[in-house]
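Asks: need coordinates for the following:
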Amino acid sequence: MVWGLRVLRVRLRKTAESFLLIIVLKIRSFMQLQYCMWRKNMRVIICDDDEYIRQRLHDNIRLAFKSMRKSGYQGLLECDEYDNGKDLLEDEGEKDLVFLDIEMPGADGISVGRALKQADSDVLIAYVTSHTEFLDDAMSFCVFRYISKPLNQERIVKCICDAFNILCKRRINVVIDEGNCVYRKVNTYNIVMVEKDSRRLKLYMKNGEVIRIMGTINDFLTGLNPLMFVMCHRSFIINLKYVSRIDKNTVYLCGDKYAAFLSRNKYTSVKEAFITYVEKSI
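Replies: Got it, this is the predicted structure:
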């Protein structure tokens, strides 16, 4: 009887310790997410051959960040300027948002924008011009905004805030448990899909890495951006950013490199979520 009570106490203690560990991990994940969202640095580039326009844009960008700081934002702003597309394309640094003139000496804004997108499909481009006849060409490679001249301060500030919100959703970090008391920070934006594998999960990353972690698929889903991630099957979560095509029972990602099962009862909701994501990305 005494031996049985000792075993029961040990089991209860281990259960309590496991429960507390789960709570700590969830709190750390939430804190990491909040930290990321409000300390994300942002690099904005202005490319226009008109010095007056560059100065106006610069002033309005500063105004937008001043407003964001009042709301608790703690990240840093880096704002660089170029008066021609050639110098911009030679800039190898990370670019979050680019305000780009269409008509400039040398390389025009359309060709520069297309080259920027080819180099980094995630860069946000806001065209600044008075020529609406170029709008169709610009929209062909998913331009983020089209700002007409003369400049409107309210639209520029809104553009900055909207861009920041998108960047935050892209760069949410979570703390994952790889087992044996090994914890790791992962950028969810780089997760292509998640697969349930017995009592563990496999995270398929953009760079080809496969990370195996402890946890349930439903708990992991709660820490992801619902506008980007959906559960297409009881064993699969997909990142809509990397979806290439959807058929009746399979979702293909990154071309045909990855494939996830698609439940019959989730086909419509997954298709609608994908269409909504694409529309919001344009």
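Asks: so what sits opposite V210 in the bridge?
Replies: Taking DSSP bridges as the rule, V210 bridges to Y204.
Asks: isn't it right up against R200?
Replies: No - if you go by C-beta atoms under 8 Å, V210 and R200 don't touch, sitting 11.3 Å apart. The C-beta positions use only the backbone N, C-alpha and C, and glycine is treated the same way.
Asks: between those two, who's got more neighbours?
Replies: More crowded of V210 and R200, by other C-beta atoms under 10 Å: R200, with 15 against 11.
Asks: right, and that one touches M214 too?
Replies: Yes - R200 lies in contact with M214 (C-beta under 8 Å); the separation is 6.1 Å.
Asks: burial count for M205?
Replies: M205 has 14 nearby residues by other C-beta under 10 Å.
Asks: below-threshold pLDDT in the stretch 51-200 of the chain: ranges please.
Replies: The stretch 51-200 of the chain contains residues with pLDDT under 70 at 132-142, 169-182.
Asks: if we use 90, what do you get?
Replies: Scanning the stretch 51-200 of the chain for pLDDT under 90 picks out the ranges 62-78, 92-94, 96, 102-111, 114, 117-123, 128-190, 198-200.
Asks: show me where it has its helices.
Replies: Along the stretch 51-200 of the chain, counting by DSSP state H, counting those that start in this stretch, helices occupy 51-70, 85-90, 109-119, 135-139, 153-170.
Asks: mean neighbour count and distance to L262 added to these, as a markdown table?
Replies: Shown next, in a markdown table, are the helices of the stretch 51-200 of the chain (neighbours: other C-beta atoms under 10 Å; distance: least, C-beta to C-beta, whole Å):
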| stretch | mean neighbour count | distance to L262 |
| --- | --- | --- |
| helix 51-70 | 16 | 39 |
| helix 85-90 | 16 | 40 |
| helix 109-119 | 18 | 29 |
| helix 135-139 | 14 | 30 |
| helix 153-170 | 17 | 24 |
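Asks: so which of these is nearest L240?
Replies: helix 153-170 (11.7 Å; C-beta to C-beta).
Asks: pull up the gap between F261 and V278, please.
Replies: In this view, F261 and V278 are 22 Å apart by C-beta to C-beta, to the nearest Å.
Asks: same check on E94?
Replies: 24 Å.
Asks: ok, A259 touching I246?
Replies: No - A259 lies out of contact with I246 (C-beta under 8 Å); the separation is 10.9 Å.
Asks: what's the overlap in contacts for these two?
Replies: Y252 (C-beta atoms under 8 Å, 6 or more residues apart in numbering).
Asks: who's more crowded, the two?
Replies: I246 (19 against 15).
Asks: residues contacting that one?
Replies: 252, 262, 267, 270-271, 274.
Asks: turn those into a markdown table, columns for distance to L224.
Replies: Formatted as a markdown table, the contacts of I246 follow (distance: C-beta to C-beta, whole Å):
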| residue | distance to L224 |
| --- | --- |
| Y252 | 20 |
| L262 | 18 |
| Y267 | 21 |
| V270 | 15 |
| K271 | 19 |
| F274 | 16 |
